[in-house]
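**Student:** what's the 3D shape of this:
(one chain, ligands or ions: 1)
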Amino acid sequence: TNYSCFSFGFQIDECLGQGSFTRVFKGTKVDIREGEEHRTQVLLKVLDANHKDYWEAFFEASSMMSQISHKHLLLVYGVSVHGAKNIMVQELVKYGALDLYLKRKGSVSVSCKLDIAKQLALALNFLDEKNIVHGNICAKNVLLAREGDPSQETSPFIKLSDPGIKVSLLDRNVILDRIPWVGPELLQDPPILSLDSDKWSFGATLWEIFNNGETPLKDWDLEMKRRFYGTYQQLEPSQWTELADMITQCMDYQPASRPSCRVVIRQLNNLITSDYEVLHASEAPER
Ligand SMILES: N#Cc1ccc(Nc2nc(N)cc(-n3ccc(CO)n3)n2)cc1
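**Tutor:** Residues are numbered from 1 along each chain as shown. Sure thing, here's the model as predicted:
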């Protein structure tokens, strides 16, 4: 793999929040090109000092993202071993993580949610075709680059973030805490991480999107979460049966029975059409 080698300096500005083993900061990347200084706003993901032994997995995640490019995949500028710190430099996506956005906004239209779901399915289909497992699909790792505004006829635009530390490297309790996003097959011994696991996580993320960013199984302890899988439970179904069916199909306890990305995209297109018809039924001319 050819690494595009360029040097850049950056400064850390403000802390924006944190992931599992990282903290995210807004920063500024400074490039010197043809003797000119270019400043770009960036997102700096810093690996926690007490998880330094994860630094290889941390860089693996970023190199996975920088080896492929797609409009719905986050752009990773590079990594820096800045002194004792392991830092991933990413494009700063304007509106940040989708779960917080949906919680804050509370009134995102169904057509926007369907559009976001379809874009996420397109990103997954791209990874699937490259036989690349993401391993951490969830609303927190879906970033909103553009808001949808039905009145302005603008549609939202999302970017899938890096997966962070590979889930199969994590302690069992950390994997348990990722229930219901993590496929049940990852709690077997040995954990089986496959493309099918991303389909399960996509189902849980659909649930988050259509529940306004609500955290599924919020405040459940690890024992209760383990039992959720142990007794083959499903998340609370939506009143919209076609959506509920799609989520249940993605969250099939048999990995091989989960629908392919192409089927998911087709089903989402059907929901979009049916939503459109319902939405505009009132305007339909009297037959
Ligand atoms: N207020 C505010 C605000 C916060 C963040 C952004 N932008 C952004 N850009 C990225 N590339 C990644 C992230 N992340 C946030 C959590 C994670 C964990 O995965 N990533 N946020 C923009 C505005």
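**Student:** quick check: closest non-adjacent residue to the closest residue to the ligand within the stretch 101-250 of the chain.
**Tutor:** When scored by Cβ to the nearest ligand atom, the stretch 101-250 of the chain has residue 161 as its residue closest to the ligand, at 4.6 Å. To be clear about C-beta, it is placed using only N, CA and C from the backbone, and glycine gets the same treatment. Spatial nearest neighbour of residue 161, excluding adjacent residues (Cβ to Cβ, 6 or more residues apart in numbering): residue 141 at 4.2 Å.
**Student:** and that neighbour, how many neighbours does it have?
**Tutor:** By other Cβ atoms under 10 Å, 23 other residues sit near residue 141.
**Student:** my read: it touches residue 99, true?
**Tutor:** No. Residue 141 is beyond contact range of residue 99, at 9.0 Å (criterion: Cβ atoms under 8 Å).
**Student:** sorry, back to before: which residues does the residue of the stretch 101-250 of the chain closest to the ligand contact?
**Tutor:** 74, 90, 97, 141-143 (Cβ atoms under 8 Å, 6 or more residues apart in numbering).
**Student:** again, 7 Å this time
**Tutor:** 74, 141, 143 (Cβ atoms under 7 Å, 6 or more residues apart in numbering).
**Student:** the residues you listed in strands, which ones?
**Tutor:** Here DSSP state E is the test, and those give residue 143 as lying in strands.
**Student:** so is residue 60 in a helix, a strand, or just coil?
**Tutor:** helix (DSSP: H, G, I helix; E, B strand; the rest coil).
**Student:** typed the wrong thing, it's residue 11
**Tutor:** Residue 11 - assigned by three-state DSSP - is strand.
**Student:** bridged to it, which residues?
**Tutor:** residue 28 (DSSP bridges).
**Student:** does stretch 17-35 come close to the ligand?
**Tutor:** Yes. Stretch 17-35 is in contact with the ligand by Cβ under 6 Å from any ligand atom, via 17, 19, 24.
**Student:** burial check on the residue in the chain positioned nearest to the ligand, number of neighbours?
**Tutor:** Going by Cβ to the nearest ligand atom, the ligand is nearest to residue 96 of the chain, at 3.0 Å. A total of 19 residues lie near residue 96 under the criterion other Cβ under 10 Å.
**Student:** quick one, phi/psi of it?
**Tutor:** When read as degrees, to the nearest 10, the backbone of residue 96 gives phi 70, psi -160.
**Student:** is residue 26 in contact with residue 12, as I believe?
**Tutor:** No. Judged on Cβ atoms under 7 Å, residue 26 makes no contact with residue 12 at a distance of 8.2 Å.
**Student:** may I see the contacts of residue 161 organised as JSON lines, with pLDDT and distance to the ligand added?
**Tutor:** What follows is these, written out as JSON lines (pLDDT from 0 to 100; distance: Cβ to the nearest ligand atom, whole Å):
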{"residue": "74", "pLDDT": "97", "distance to the ligand": "6"}
{"residue": "141", "pLDDT": "97", "distance to the ligand": "5"}
{"residue": "143", "pLDDT": "98", "distance to the ligand": "5"}
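**Student:** all strands of the stretch 1-150 of the chain, in order?
**Tutor:** Assigned by DSSP state E, counting those that start in this stretch, the stretch 1-150 of the chain shows strands spanning 9-18, 22-33, 36-47, 76-82, 85-91, 142-146.
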